[in-house]
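Engineer: What follows is a protein structure lacking sequence information:
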Ligand code: HEM
């Protein structure tokens with residue numbers, strides 16, 4: 001009922017997108033795209049994701065959000081995974097993406113897939129599948145169908161992310177506009193906002209609602225005042241960007257329809273959540289989702305549509321060999337920092353050739369640091385309980401969580417003065 005009202009609108013939106021924007025490759029996604037070319041592809045992604053989620057309860061929210069941020073910027077093309085270069089700040093550098101996490105899961109799946117069927121499975125598909133699998137883990141079955149056949153983009157720009165990702169300060173009109181520019185409806189907006197049933201939000205994304213809503217030191221009147229007091233006890237200042245709170249208090253690890261119940265109690269965390277109650281049509285949908293058991297089926301449909309935004313298919317785009325790679329050079333410090341799975345020997349050879357110097361790999365072990373942070377009692381560090389590091393054979397994998405980007409890296413040092421000099425970082 002709710003869906004049919006909007007399906008016509010969606011078709012016309014998609015057509016308009018094709019005609020005016022030229023982004024209508026989405027039709028070519030299909031079920032089990034890798035059936036012949038890589039029959040184990042979906043199983044590999046699922047096994048790796050489930051193993052990782054079993055050890056890290058925060059991954060479903062991380063991967064779900066990453067999929068959304070990928071799709072809203074240049075379509076679902078894996079561009080959110082690409083690293084910055086010296087002259088191009090990538091999507092990752094945009095403020096909303098600074099708190100993304102779970103990159104290492106994608107890279108782990110990619111490494112395994114490249115061993116099994118090289119050059120076949122796209123990073124964009126791996127991300128779409130991993131997001132579904134991570135959320136599905138708690139149900140022990142797939143919660144939505146993921147069509148596959150996406151190909152990878154090569155372009156990733158910070159400015160595109162800033163221009164295309166909706167902010168938590170958006171009102172209803174801006175949210176509607178943001179979603180419709182991606183061919184999504186108001187129903188999709190309300191249903192997909194239900195993604196906020198899992199995960200956390202950092203104080204700086206909503207503390208204006210607590211301390212300075214209209215610039216006069218006031219509180220957002222649409223925020224439940226008891227809840228606001230609780231939030232104030234956690235987010236002590238307007239500028240706190242390290243503390244975070246659950247978005248769906250009580251059940252923030254559980255993918256369920258509770259978000260809509262919380263929203264109706266005026267306890268939606270962001271202005272963008274509260275905004276869903278300011279439009280009659282949207283708030284009717286909130287009511288329906290809060291009081292029925294339609295959330296899962298509606299979410300399955302909306303996320304399938306989100307997963308088809310401006311996808312590259314057929315001969316457009318490419319299949320990247322690596323999904324997540326970090327490679328930054330600091331010539332002054334004689335240091336190259338690489339994050340991701342690397343083939344050590346190849347990299348050593350390449351660097352030796354390029355620099356003409358002695359090069360040594362130093363794998364930075366972040367575990368001690370993490371432990372130290374815990375002992376220090378800093379429970380605001382989001383990544384303390386996230387992931388770990390592992391090594392296998394001649395590859396080394398380190399995690400790329402938002403909390404530990406700098407520390408979780410492989411450092412390579414080379415020196416002019418002393419050819420034997422290699423510092424441990
Ligand atoms: C409607 C517009 C949306 C806005 C303005 C928005 C904004 C935000 C913000 C500000 C955060 C907090 C990030 C942090 O503090 O680290 C967040 C978290 C999150 N968002 Fe959204 N979001 C929107 C839609 C969506 C959609 C469509 C999905 C997925 C279907 C989604 C999934 C998530 C998840 C799972 C988290 C928790 C991430 C974590 O725990 O690290 N959001 N969102």
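Structural biologist: Here it is on my side, so go on. Everything quoted here is computed from the prediction, not taken from an experiment.
Engineer: Residue of the stretch 301-425 of the chain nearest the ligand, please.
Structural biologist: residue 303 (6.1 Å; Cβ to the nearest ligand atom). C-betas here are computed from N, CA, C, even on glycine.
Engineer: show me what contacts the closest residue to that residue other than its chain neighbours?
Structural biologist: Among residues not flanking residue 303 along the chain, residue 144 sits closest, at 5.5 Å (Cβ to Cβ, 6 or more residues apart in numbering). Neighbouring residues of residue 144 by Cβ atoms under 8 Å, 6 or more residues apart in numbering: 132, 136, 299-301, 303-304.
Engineer: Nearest residue to residue 293 in space, please, no chain neighbours.
Structural biologist: Closest to residue 293 by Cβ to Cβ, 6+ apart is residue 257, at 7.5 Å.
Engineer: and that neighbour, how far is that from residue 270?
Structural biologist: In this view, residue 257 and residue 270 are 18 Å apart by Cβ to Cβ, to the nearest Å.
Engineer: Could you pull up the residues touching the residue in the stretch 51-200 of the chain that the ligand sits nearest to?
Structural biologist: Nearest residue of the stretch 51-200 of the chain to the ligand, counting by Cβ to the nearest ligand atom: residue 199, 2.4 Å away. For residue 199, the contacting residues are 58, 60-62, 64-65, 246-247, 252, by Cβ under 8 Å, 6+ apart.
Engineer: ok, now with 10 Å
Structural biologist: 58, 60-62, 64-65, 99, 244, 246-248, 252-253, 255 (Cβ atoms under 10 Å, 6 or more residues apart in numbering).
Engineer: How about residue 275?
Structural biologist: 168-176, 189, 193, 222, 268, 282.
Engineer: doesn't it fall inside a helix?
Structural biologist: Yes. Counting by DSSP: H, G, I helix; E, B strand; the rest coil, one finds residue 275 located in a helix.
Engineer: can you confirm residue 324 is in a strand?
Structural biologist: No. Assigned with three-state DSSP, residue 324 falls outside any strand and is coil.
Engineer: Any idea how many residues pack against it?
Structural biologist: 24 (other Cβ atoms under 10 Å).
Engineer: how close does the closest residue to the ligand within the stretch 251-400 of the chain sit to residue 285?
Structural biologist: Scanning the stretch 251-400 of the chain for proximity to the ligand using Cβ to the nearest ligand atom identifies residue 272 as nearest, at 3.8 Å. From residue 272 across to residue 285, the span is 15 Å (Cβ to Cβ).
Engineer: what does residue 67 give?
Structural biologist: From residue 67 to residue 285 the distance is 22 Å (Cβ to Cβ).
Engineer: So these two - more neighbours on which side?
Structural biologist: Neighbours per residue, other Cβ under 10 Å: of residue 67 and residue 285, the larger number sits with residue 67, 27 against 24.
Engineer: can you count the residues close to the residue nearest to the more buried one when sequence neighbours are not counted?
Structural biologist: The shortest distance from residue 67 to any non-neighbouring residue, by Cβ to Cβ, 6+ apart, is to residue 131 (3.7 Å). Other residues near residue 131 number 32, with proximity taken as other Cβ under 10 Å.
Engineer: For the stretch 1-150 of the chain, which residues score under the pLDDT cut-off?
Structural biologist: Across the stretch 1-150 of the chain, the ranges flagged by pLDDT under 70 are 1-27.
Engineer: tell me which parts of it are close to the ligand?
Structural biologist: Contact residues, the stretch 1-150 of the chain versus the ligand (Cβ under 6 Å from any ligand atom): 61-62, 64-65, 68, 99.
Engineer: ok, and the most crowded of those residues?
Structural biologist: Neighbour-wise, these (other Cβ under 10 Å) top out at residue 62, 27 neighbours.
Engineer: Check which element follows the helix or strand in which that residue is found along the chain.
Structural biologist: Element membership for residue 62, per DSSP states H and E: helix 59-71. Next helix or strand after helix 59-71 toward the C-terminus (DSSP H and E): helix 103-116.
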